[in-house]
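Enquirer: need a structure here:
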Amino acid sequence: MLVFVVILGVYLLINVYVFVRGWQAMEIGMRYRWIYATVVPLLVFSFIGAQFLKRSFDDPVIDFFWLLGSFWLAALLYLFLSVALIDFVRVILRGFGGKPVWLYAHYSMIKFALFCLLAVGALTLLSVGYYNATRPIVNTVNIEINKHVAGRSSLNIVMASDLHLGCINGRGALQRWVNTINDLQPDIVLLPGDVFDDNPASVARKKLGDILAEIKAPLGVYFAPGNHESYGNLSRAVEYLSVHRVQVLLDEVVLIDSSFYIAGRLDRSGERNGVMRKSLRDLLETALDKEKPVFLLDHQPVGLNEAVEAGIDLQVSGHTHRGQLWPFSMLTKRIYELDWGYRQKGRTHFYVSQGAGTWGPPVRLGTRSEIVQLKVRFRL
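Expert: Numbering: from 1, shown residues only. Below you'll find the model as predicted:
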């Protein structure tokens, strides 16, 4: 509760700071201040209100205000950074004797011009970021696993993490992702968590499961939950996916085509609610044939050495979004050993996806939404 209060307080303080500096900049645009004073608070409280309501209610009106507030959240980040930079320059100028004479003479005009420039800049960034978020790229990685698989020399895996289906990512986004997946002609599809944003009711209302069921993969579609399934209703999410041809793995291991194993872990976030997941060693202690490859779905890329020690051949993860918005990508690099991309440790291969979808604003700057194709070759 305390963490929530602190985050909410910081959010409101940043909004007040940006709002006041914008109000001051509109000195020569006084007639427009009433519009400003109406629109900005609406944007600020759209996000807060929708965040509360969408956990308990499912309604298109809530979707609209959640989308509106989410775009504002992205705009706020860059407006805050820009205004803070301008104020920093003002402090530096004062340290060198105050504003230049020409600046005094045109101060009100310059402030208003900067206000307009920042507004246009924010809209431009949102447009570019929206394109990055809604037009996923395909990243292809070739992986060699030093195990022999009878009757199979290769495996075409397609992985899509962090779809965050619900208020923001709906039928249009999911249809693009499914079309991209099918174009890659996968043998098997892996969904390592956060298929749902929070409340599965929104996914059901929009009938997104019908689109998920269009995925064509001869060996099936497999899912392991993420933190957002834990925040929402995990049992309902599991039921919904199972009905729509997605096999859910909750600390389970399955043998596929008598050739390789797929293991799916519960997300570590469930421990906050008393749902303890198995250790990877316990998960794999069943009668596995150690000569067969083992592929692991684990939503959060934490404790990579555990997978190495357990003899996992390939782990796929998501969760990080690679920060989604710069400069948060600099932060995720410091938090996670691997926040995006491919890496091999010992005999274990890892891929951490930026995610196909987004959380909050459907905006990416410095990152791209992605579908991942893993072309696996086995020892002949």
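Enquirer: C-alpha only now, for contacts and for neighbours.
Expert: Noted.
Enquirer: leaving out chain neighbours, which residue sits closest to V302?
Expert: The shortest distance from V302 to any non-neighbouring residue, by CA to CA, 6 or more residues apart in numbering, is to Y336 (7.0 Å).
Enquirer: could you check how far that neighbour is from G303?
Expert: Using CA to CA, to the nearest Å, Y336 is found at 9 Å from G303.
Enquirer: for P293, see how far away the residue nearest to V302 is.
Expert: 26 Å.
Enquirer: neighbour count: these two, which is higher?
Expert: Ranked by neighbour count (other CA atoms under 10 Å), Y336 and P293 place P293 first, with 22 against 16.
Enquirer: quick check: phi and psi on the more buried one?
Expert: With angles defined as degrees, to the nearest 10, P293 sits at phi -60, psi 150.
Enquirer: got phi/psi on the nearest residue to it once chain neighbours are set aside?
Expert: Nearest-residue entry for P293: F260, 5.0 Å, with adjacent residues in sequence omitted and distances by CA to CA, 6+ apart. Backbone torsions of F260, given as degrees, to the nearest 10, read phi -150, psi 170.
Enquirer: buried residues in the helix ranked longest in the chain?
Expert: Assignment by DSSP state H gives helix 60-95 as the longest helix of the chain. The neighbour-count check on helix 60-95 (16 or more other CA atoms under 10 Å) flags 62-63, 65-80, 82-83 as buried.
Enquirer: the strands in this protein, which residues?
Expert: Under the criterion DSSP state E, the chain contains strands at 137-148, 154-159, 188-191, 221-223, 247-248, 252-256, 260-264, 294-297, 314-317, 341-345, 348-352, 370-379.
Enquirer: turn those into TSV, including mean pLDDT, mean neighbour count and distance to V89.
Expert: Listed next are the strands of the chain as TSV, based on pLDDT from 0 to 100; neighbours: other CA atoms under 10 Å; distance: least, CA to CA, whole Å:
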stretch	mean pLDDT	mean neighbour count	distance to V89
strand 137-148	95	15	38
strand 154-159	97	20	46
strand 188-191	98	24	47
strand 221-223	97	24	50
strand 247-248	96	18	54
strand 252-256	94	15	57
strand 260-264	95	22	52
strand 294-297	96	24	48
strand 314-317	98	26	42
strand 341-345	96	14	37
strand 348-352	97	23	39
strand 370-379	96	20	38
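Enquirer: CSV for those strands, including distance to V18?
Expert: CSV is the format used below for the strands of the chain (distance: least, CA to CA, whole Å):
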stretch, distance to V18
strand 137-148, 34
strand 154-159, 40
strand 188-191, 39
strand 221-223, 42
strand 247-248, 45
strand 252-256, 49
strand 260-264, 44
strand 294-297, 42
strand 314-317, 36
strand 341-345, 35
strand 348-352, 35
strand 370-379, 33
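Enquirer: what's near enough to touch G346?
Expert: V308 (CA atoms under 8 Å, 6 or more residues apart in numbering).
Enquirer: list phi and psi for it.
Expert: phi 60, psi -130.
Enquirer: per-residue confidence at it?
Expert: Looking at G346, its pLDDT reads 92.
Enquirer: got it, and A307?
Expert: On the pLDDT scale, A307 gets 94.
Enquirer: just the one 5 residues further on next, same as before
Expert: Per-residue confidence for I312 comes out at a pLDDT of 94.
Enquirer: what sits against it?
Expert: 293-296, 347-348.
Enquirer: burial of A224, as a residue count?
Expert: For A224, using other CA under 10 Å, the count is 28.
Enquirer: quick one: contacts for it?
Expert: Taking CA under 8 Å, 6+ apart, one finds 191-193, 248-250, 264-267, 297-299 in contact with A224.
Enquirer: then W23?
Expert: 33, 36.
Enquirer: quick revisit: so which of the strands of the chain is nearest L43?
Expert: strand 370-379 (28.9 Å; CA to CA).
Enquirer: ramachandran angles for the closest residue to A213 other than its chain neighbours?
Expert: Excluding the flanking residues, the one nearest A213 by CA to CA, 6+ apart is H244, at 5.3 Å. When read as degrees, to the nearest 10, the backbone of H244 gives phi -110, psi 40.
Enquirer: wait, H244 touches K207, no?
Expert: No: taking contacts as CA atoms under 8 Å, H244 lies outside contact range of K207: 10.3 Å.
Enquirer: list the buried ones in stretch 21-29?
Expert: By 16+ other CA under 10 Å, the buried positions in stretch 21-29 come out as 21-27.
Enquirer: now distance to R379 too, for the residues you listed, in CSV please.
Expert: Conversion of the buried residues of stretch 21-29 to CSV gives the following (distance: CA to CA, whole Å):
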residue, distance to R379
R21, 63
G22, 63
W23, 67
Q24, 68
A25, 67
M26, 68
E27, 72
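Enquirer: narrow these to those in helices?
Expert: Using DSSP H, the buried residues of stretch 21-29 in helices are 21-25.
Enquirer: per-residue confidence at L77?
Expert: As predicted, L77 sits at a pLDDT of 95.
Enquirer: er, P136 actually
Expert: 93.
Enquirer: pretty sure it contacts S369?
Expert: Yes: P136 is within contact range of S369, at 4.5 Å (criterion: CA under 8 Å).
Enquirer: quick one, domains of this protein?
Expert: 2-132, 138-379 (automatic domain parsing).
Enquirer: pLDDT weak spots in this protein?
Expert: Residues of the chain that meet the criterion pLDDT under 70 lie in 1, 29, 55-56, 95-106, 272-274, 287.
Enquirer: what's the separation between L68 and G311?
Expert: In terms of CA to CA, L68 sits 46 Å off from G311.
Enquirer: re the thing from before, so what's the residue nearest to A213 up against?
Expert: 209-210, 212-213 are the contacts of H244 under CA under 8 Å, 6+ apart.
Enquirer: any idea which of those is the one closest to L93?
Expert: Nearest to L93 among the contacts of H244, with distances taken as CA to CA, is L212, at 57.2 Å.
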